[in-house]
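S.K.: whatever this is, show me its structure:
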Amino acid sequence: MKVIAALFALIGATAAFAPGTKESVSTVLNVESTKIGATAPLGFFDPLGYITDEKKFERYRAVERKHGRIAMVAMLGTFVHNNNIVFDGYLSPSQGIKFSDVSSGIGGLFQVPPQGLAQILLVAALIELAWWPARKLDGDYGIRVGKINNWVQEPAKELRQKNAELNNGRAAMMGCLGVILQEVVTKQSLQEQFASLNISPY
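M.R.: Sure thing, here's the model as predicted:
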């Protein structure tokens, strides 16, 4: 029964990537703005017809980009933590909890003391509201790494790299969902699944 529930959850999530028809896009929406993220073979997608104007499109694209960035960092953290790469020392000296004591699966979240979770939320709020404010919907905070993304000198890189970011973010979001569902079904973290060769939820 759990396997069936997990399957339906995955199907529901992937429905967000189902192709939409041209009629779902209002003529108010600037076609040029949809070029970023509309990559082959799927192109531009709006299966539920939510995108009706430029303002709404810009907002949804910003949300997609942000969730993708968070998911990429989350997947990186999953791989790092599941390979037992952790900080030295104590997560909570007063409670005697070391970083290495925290489980690599979902349960690890509930092993962090409330004060630690509050600090994480506080830093997230600082980034969200002040450092890299969410109100900047284009998601470009001026970070450039040498010649890697020198878009002024090489404009052709901008479209390719922004598409790559969105697609990698989409893959990471699906990866996070897959890791969570597999752990719920198998009761094993990613590390435990590979160690026991139990890489199938069935």
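S.K.: contacting residues for S92?
M.R.: S92 sits next to 113, 115-116 when contact means Cβ atoms under 8 Å, 6 or more residues apart in numbering. All C-beta atoms are positioned from the backbone trio N, CA, C, and that covers glycine.
S.K.: could you rerun that using 7 Å?
M.R.: Contact partners of S92, counting by Cβ atoms under 7 Å, 6 or more residues apart in numbering, are 113, 116.
S.K.: partners of it in the sheet?
M.R.: As for beta bridges, S92 partners with I97 under DSSP bridges.
S.K.: just give me the neighbour total for the closest residue to K98 other than its chain neighbours.
M.R.: Closest residue to K98 apart from its sequence neighbours, by Cβ to Cβ, 6 or more residues apart in numbering: Y90 at 5.4 Å. By the criterion of other Cβ atoms under 10 Å, Y90 has 14 neighbours.
S.K.: please renumber the chain so that the first residue is 741 from this point on.
M.R.: With the count now opening at 741, the last piece we talked about shows up as Y830.
S.K.: if I read this right, Y830 contacts I837, doesn't it?
M.R.: Yes - with contacts counted by Cβ atoms under 7 Å, Y830 reaches I837, the gap being 6.5 Å.
S.K.: surely L930 touches N822?
M.R.: Yes - between L930 and N822 there is a contact under Cβ under 7 Å: 4.8 Å.
S.K.: please state the backbone phi and psi of S834?
M.R.: Dihedral pair for S834: phi -70, psi -30, per degrees, to the nearest 10.
S.K.: again, but for D880
M.R.: Dihedral pair for D880: phi -100, psi 110, per degrees, to the nearest 10.
S.K.: for the chain, what are the low-confidence residue spans?
M.R.: For the chain, applying pLDDT under 70 flags the ranges 741-774, 781, 940-942.
S.K.: can you give me the strands for it?
M.R.: In the chain, the segments counted as strands under DSSP state E are 830-832, 837-838.
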